[in-house]
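>>> Any chance you can model this:
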Amino acid sequence: MATMNQYTDITDYYDLLVTQGYYNYQGMAEAVYSVMQGREKVLDLGVGTGLLAEELLKLAPECEFTGVDITASMLEIARERLGENVKLVEADVIKMDLQETFDMAISSGGVWIISQRGDKNNLGTHGGDIELHLQGLINLAKHIRQDGLVLLNLQADQANKETNLPDGIVYSQEVKKISEDEENELIEKSYFFKRNGEILAQQHLILGFIKEWKKEELMEKAGFAFVGADQNQKFHIYKRI
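Residues are numbered from 1 along each chain as shown. Coordinates of the predicted model:
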């Protein structure tokens with residue numbers, strides 16, 4: 001049983017959405033590259049269809065890149081896009097056992113993010129089980145060498161939105177709050193792709209936002225210390241201690 005959300009139902013439309021300004025993969029790749037500084041063995045958590053990997057490999061073709069994702073249909077597209085340039089593994093980050101360590105790991109949305117809300121930087125997660133995500137962070141630490149880095153992408157708070165895409169497709173997302181306590185907030189995020197009012201694909205996911213103070217507690221328990229942000233404010237950087 002999967003412990004992370006999967007994007008199986010919207011795979012066919014995912015790239016169409018995220019390449020129309022939903023994410024800036026070139027900017028993210030440049031930010032990652034700016035902090036690599038000889039760290040050539042890279043793990044991408046939630047590699048998706050390989051768009052970030054594609055941009056990063058343009059900047060660092062010598063990079064030894066491994067991407068993991070829980071959604072098989074996403075990995076199929078990534079394999080077509082990246083060919084033999086990377087190692088791709090179908091795995092749940094919470095339970096993965098890659099039997100190797102890395103210089104750095106990146107999470108840009110498929111597993112964890114930093115969700116900015118006012119002056120707070122919460123930990124965005126898939127699903128709302130805090131203990132499960134602590135297990136995942138501890139498991140991640142086993143895959144990062146001493147003094148290695150973990151980069152968590154900074155993203156704006158979730159909100160309702162609608163975007164026109166090519167071929168007459170309209171993307172919309174709806175965000176509904178489920179619950180909130182002092183440690184965590186849960187929302188349901190619904191994705192819709194429509195043409196002429198007809199739903200082409202849809203997906204409903206449960207997302208969690210672990211409060212900033214609790215996030216730092218979890219990161220410390222897992223063996224990570226906050227270092228700062230990259231110069232372009234794309235990622236928060238943690239060091240394996």
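
>>> Counting by contacts, list what the lowest-mean-pLDDT helix or strand in the chain packs against.
Using mean pLDDT, DSSP states H and E, helix 11-17 stands out as the lowest-scoring helix or strand of the chain, at a mean of 82. Packing contacts for helix 11-17, counted by 3 or more CB pairs under 8 Å, 6 or more residues apart in numbering; DSSP states H and E, involve helix 72-82, strand 169-180, strand 198-210. (C-beta placed from N, C-alpha, C; glycine too.)

>>> Check the offset of that helix from the chain's centre.
Averaging C-alpha positions (CA atoms, centre = their mean, to the nearest Å) puts helix 11-17 16 Å from its chain's average.

>>> for stretch 45-62, same thing?
Remark: stretch 45-62 is offset 13 Å from the chain centroid, using CA atoms, centre = their mean.

>>> Point to the residue nearest the middle of the protein.
By CA atoms, centre = their mean, the chain has its centre lying nearest to residue 109, at 2.2 Å.

>>> Next, format the helices and strands packed on helix 11-17 as a markdown table and append mean neighbour count and distance to residue 221.
Formatted as a markdown table, the helices and strands packed on helix 11-17 follow (neighbours: other CB atoms under 10 Å; distance: least, CB to CB, whole Å):
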| stretch | mean neighbour count | distance to residue 221 |
| --- | --- | --- |
| helix 72-82 | 17 | 30 |
| strand 169-180 | 14 | 22 |
| strand 198-210 | 16 | 12 |
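
>>> Which stretches in the chain count as strands?
Assigned by DSSP state E, the chain shows strands spanning 41-45, 64-69, 87-90, 102-107, 113-117, 120-126, 144-156, 161-164, 169-180, 184-195, 198-210, 224-229, 235-240.

>>> Now tabulate the ones you listed in JSON lines and tack on mean pLDDT.
Compiled in JSON lines, these are given as follows (pLDDT from 0 to 100):
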{"stretch": "strand 41-45", "mean pLDDT": "98"}
{"stretch": "strand 64-69", "mean pLDDT": "98"}
{"stretch": "strand 87-90", "mean pLDDT": "98"}
{"stretch": "strand 102-107", "mean pLDDT": "99"}
{"stretch": "strand 113-117", "mean pLDDT": "96"}
{"stretch": "strand 120-126", "mean pLDDT": "96"}
{"stretch": "strand 144-156", "mean pLDDT": "98"}
{"stretch": "strand 161-164", "mean pLDDT": "95"}
{"stretch": "strand 169-180", "mean pLDDT": "97"}
{"stretch": "strand 184-195", "mean pLDDT": "96"}
{"stretch": "strand 198-210", "mean pLDDT": "94"}
{"stretch": "strand 224-229", "mean pLDDT": "98"}
{"stretch": "strand 235-240", "mean pLDDT": "99"}
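
>>> Show me the one of the ones you listed that comes nearest residue 135.
Closest approach to residue 135 among these is made by strand 120-126 (12.0 Å; CB to CB).

>>> got the angle between that closest one and strand 224-229?
Strand 120-126 runs at 120 degrees relative to strand 224-229, counting by axes from the mean of the first three to the mean of the last three CA atoms, to 10 degrees.

>>> which one of the strands of the chain lies closest to residue 137?
Judged by CB to CB, the one of the strands of the chain that comes nearest to residue 137 is strand 224-229, at 7.2 Å.

>>> chain center to the closest one, what's the gap?
Mean C-alpha position of strand 224-229 versus that of the full chain (CA atoms, centre = their mean) differs by 17 Å.

>>> Then stretch 60-70?
With CA atoms, centre = their mean as the basis, stretch 60-70 stands 14 Å off its chain's centre.

>>> Let me have the strands of the chain in TSV, extended by distance to residue 17.
Converted to TSV, the strands of the chain look like this (distance: least, CB to CB, whole Å):
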stretch	distance to residue 17
strand 41-45	19
strand 64-69	17
strand 87-90	21
strand 102-107	19
strand 113-117	17
strand 120-126	18
strand 144-156	15
strand 161-164	7
strand 169-180	5
strand 184-195	8
strand 198-210	10
strand 224-229	26
strand 235-240	21
